[in-house]
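Asks: only geometry, no sequence info:
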Ligand code: C2O
Ligand code: CU
């Protein structure tokens, strides 16, 4: 398994992320035309610290415009890198990112209007690691590339010539590949120490959901969600990760036994549906994001000569205090649906804002010239998100939120941390507060991450 190079901020010299074309072996011996940052495919891991102001220069050596978004960053709309902020071919964009948030794993990826999917698919994506006092003092694995490993999981499809195939049948389901890569390769293996190993798992796929577990069904701990550490590590045997979501897990290899990270149908008796199943639309065969497909993803073998961090994990890893909901907090409702189903909601054809749209939120698709919601800065709000057509990873820019419920059930321990992307089969409800300004010119976005 390749480990992306670390790029750390040191004072005033900007971090340079340059997009260009290249060739990369997703499959051994097959040279595939790709794009990447500072290399043929994917990009370096940018590591920053809470409190820093980080200068970054993105340069575009591609032949098409690209917007680059920092997914999970709490920065003003101006610095968010949404579709309003395109970098022309040959152009560049320099920002200084004020990092003011707790330790977490975030990522950067294209957000070019109408081209986000294929640009990310061909290789434009990389991790952003944020450290803080807490993450530095916790007794957990933290040596990047040794016991703290980035695991960027993406599905891909190659044609007979070794070129990447990208085709989207319908917008509800999005692109699904037939091979799963980790940090850019298939059949990845990695030697790890005989101790605790921390995996920063990013589902960087366009549409596929994964239910990760280990081949021997061992217990591991989830220690962090999208936006930071959980209050305490949660022991689990499997974890579902949707496109855009990050989960940090810690696996104990002190018994010396290697293990394969796999994805596939639930092995637990109640399964995923026991925790999350929406009653209204749940059928026995209904599994969103192709969770029923099985893949072997990453083989982890134990090398006893590597320096190891031994358990147990600290009991407490964060101190998230959930605000008590107040009745005067604004409530916002979002419904994701395909307008062709409008009939059942009594909206006639002539009232549809867009006739040819495929999926929308509250009946509208993305329009660069429309600001759909205006939110007061620093004000807690309660957002209720529903899906009337399929399951979707709902993502919000510029903030993290705290789940209240999913599918009508109170949030589970493993999802009780800060998040910015959430699974919505039927419904999810969360508390959110925006700390920074986003203007009409550079607004934040909320959207399905497929
Ligand atoms: Cu990860 Cu608006 O995106
Ligand atoms: Cu969706």
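Replies: In hand now; what should we look at? From a predicted model like this one, the values you see are computed outputs, not experimental measurements. Ligands and ions are numbered 1, 2, ... in the order given.
Asks: I'd like the distance between residue 268 and ligand 1.
Replies: Remark: distance between residue 268 and ligand 1 (CB to the nearest ligand atom, to the nearest Å) = 29 Å. All C-beta atoms are positioned from the backbone trio N, CA, C, and that covers glycine.
Asks: Assign that residue to one of the three secondary structure states.
Replies: coil (DSSP: H, G, I helix; E, B strand; the rest coil).
Asks: count of neighbours near it?
Replies: When neighbours are counted by other CB atoms under 10 Å, residue 268 registers 14.
Asks: is it true that it touches residue 237?
Replies: Yes. With contact defined as CB atoms under 8 Å, residue 268 counts as touching residue 237 (6.2 Å).
Asks: Bridge partners for the residue in the chain positioned nearest to ligand 1, pull those for me.
Replies: Residue of the chain nearest ligand 1, by CB to the nearest ligand atom: residue 71 (3.5 Å). Assessed by DSSP bridges, residue 71 has beta-bridge partners residue 107.
Asks: burial measure for it, as a count.
Replies: Applying other CB under 10 Å, we find 23 residues neighbouring residue 71.
Asks: how much space between it and residue 204?
Replies: 10 Å (CB to CB, to the nearest Å).
Asks: what's the answer for residue 310, then?
Replies: From residue 310 to residue 204 the distance is 31 Å (CB to CB).
Asks: between the two, who's got more neighbours?
Replies: residue 204 (26 against 11).
Asks: The more buried one contacts residue 153, doesn't it?
Replies: Yes. Between residue 204 and residue 153 there is a contact at 6.5 Å, judged by CB under 8 Å.
Asks: how about low-confidence regions in the stretch 151-300 of the chain?
Replies: By pLDDT under 70, the low-scoring segments of the stretch 151-300 of the chain are 170-172, 269-286.
Asks: now the strands for it?
Replies: For the stretch 151-300 of the chain, the strands defined by DSSP state E, counting those that start in this stretch cover 179-182, 188-192, 196-203, 210-214, 220-225, 228-236, 238-241, 246-252, 259-263, 295-302.
Asks: got JSON lines for those strands, with mean neighbour count and distance to residue 160 too?
Replies: Output for those, formatted as JSON lines (neighbours: other CB atoms under 10 Å; distance: least, CB to CB, whole Å):
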{"stretch": "strand 179-182", "mean neighbour count": "21", "distance to residue 160": "14"}
{"stretch": "strand 188-192", "mean neighbour count": "18", "distance to residue 160": "24"}
{"stretch": "strand 196-203", "mean neighbour count": "26", "distance to residue 160": "28"}
{"stretch": "strand 210-214", "mean neighbour count": "24", "distance to residue 160": "27"}
{"stretch": "strand 220-225", "mean neighbour count": "24", "distance to residue 160": "39"}
{"stretch": "strand 228-236", "mean neighbour count": "20", "distance to residue 160": "40"}
{"stretch": "strand 238-241", "mean neighbour count": "22", "distance to residue 160": "31"}
{"stretch": "strand 246-252", "mean neighbour count": "23", "distance to residue 160": "34"}
{"stretch": "strand 259-263", "mean neighbour count": "22", "distance to residue 160": "26"}
{"stretch": "strand 295-302", "mean neighbour count": "19", "distance to residue 160": "22"}
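Asks: and ligand 2, which of those strands is closest to it?
Replies: strand 196-203 (13.7 Å; CB to the ion).
Asks: how far off strand 220-225 does that closest one point, in degrees?
Replies: Comparing the axes of strand 196-203 and strand 220-225 via axes from the mean of the first three to the mean of the last three CA atoms, to 10 degrees yields an angle of 60 degrees.
Asks: close to ligand 1, is strand 196-203?
Replies: No. With CB under 6 Å from any ligand atom as the criterion, ligand 1 is not reached by strand 196-203; the gap is at least 10.2 Å.
Asks: helices and strands around that strand, which ones?
Replies: strand 104-110, strand 126-131, strand 148-156, strand 238-241, strand 246-252 (3 or more CB pairs under 8 Å, 6 or more residues apart in numbering; DSSP states H and E).
Asks: What residues does the stretch 351-450 of the chain have near ligand 1?
Replies: Contacts of the stretch 351-450 of the chain with ligand 1, taken as CB under 6 Å from any ligand atom, map to 395, 397, 445, 447, 449.
Asks: What is the nearest of these to residue 404?
Replies: residue 395 (17.3 Å; CB to CB).
Asks: and that closest one, helix, strand or coil?
Replies: Residue 395 - assigned by three-state DSSP - is strand.
Asks: and it, bridged to which residues?
Replies: residue 421, residue 447.
Asks: Kindly state the pLDDT recorded for it?
Replies: Note on residue 395: pLDDT of 98.
Asks: contacting residues for it?
Replies: Residue 395 makes contact with 71, 244, 420, 421, 422, 446, 447, 448, 449 under the criterion CB atoms under 8 Å, 6 or more residues apart in numbering.
Asks: The same query, at a cut-off of 7 Å, please.
Replies: By CB atoms under 7 Å, 6 or more residues apart in numbering, residue 395 lies in contact with 244, 420, 421, 446, 447, 449.
Asks: Highest neighbour count among these?
Replies: That'd be residue 420 among the contacts of residue 395, by other CB under 10 Å, with 28 neighbours.
Asks: Hmm, residue 398 and that residue touching each other?
Replies: No. If you go by CB atoms under 7 Å, residue 420 and residue 398 don't touch, sitting 8.7 Å apart.
Asks: Please tell me how far residue 73 sits from residue 217.
Replies: Residue 73 is 36 Å from residue 217, by CB to CB.
Asks: okay, these two: which has more neighbours?
Replies: Taking other CB under 10 Å, residue 73 and residue 217 do not tie; residue 73 has more neighbours (29 against 12).
Asks: Remind me which helix or strand the more buried one belongs to.
Replies: Assigned by DSSP states H and E, residue 73 belongs to no helix or strand.
Asks: Now do the phi/psi pair for it.
Replies: Torsion angles at residue 73 (phi, psi; degrees, to the nearest 10) stand at phi -80, psi 140.
Asks: if we can go back for a sec, make TSV out of the helices and strands packed on strand 196-203 and add distance to residue 210.
Replies: Listed next are these as TSV, based on distance: least, CB to CB, whole Å:
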stretch	distance to residue 210
strand 104-110	16
strand 126-131	17
strand 148-156	6
strand 238-241	5
strand 246-252	10
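Asks: do you know which of these lies nearest residue 7?
Replies: strand 126-131 (8.7 Å).
Asks: who's in contact with the helix or strand following that closest one?
Replies: Downstream of strand 126-131, the first helix or strand assigned by DSSP H and E is helix 133-137. Helix 133-137 is contacted from outside by 102, 103, 318, using CB under 7 Å, 6+ apart.
Asks: now that we have those, which one has the most neighbours?
Replies: Counting by other CB under 10 Å, top hit in the contacts of helix 133-137: residue 103 with 23 neighbours.
Asks: okay, now the residue lying closest to that residue once chain neighbours are set aside: neighbour count?
Replies: In space, and not counting its chain neighbours, residue 103 is closest to residue 135: 3.4 Å by CB to CB, 6 or more residues apart in numbering. Neighbourhood size, residue 135 [other CB under 10 Å]: 21.
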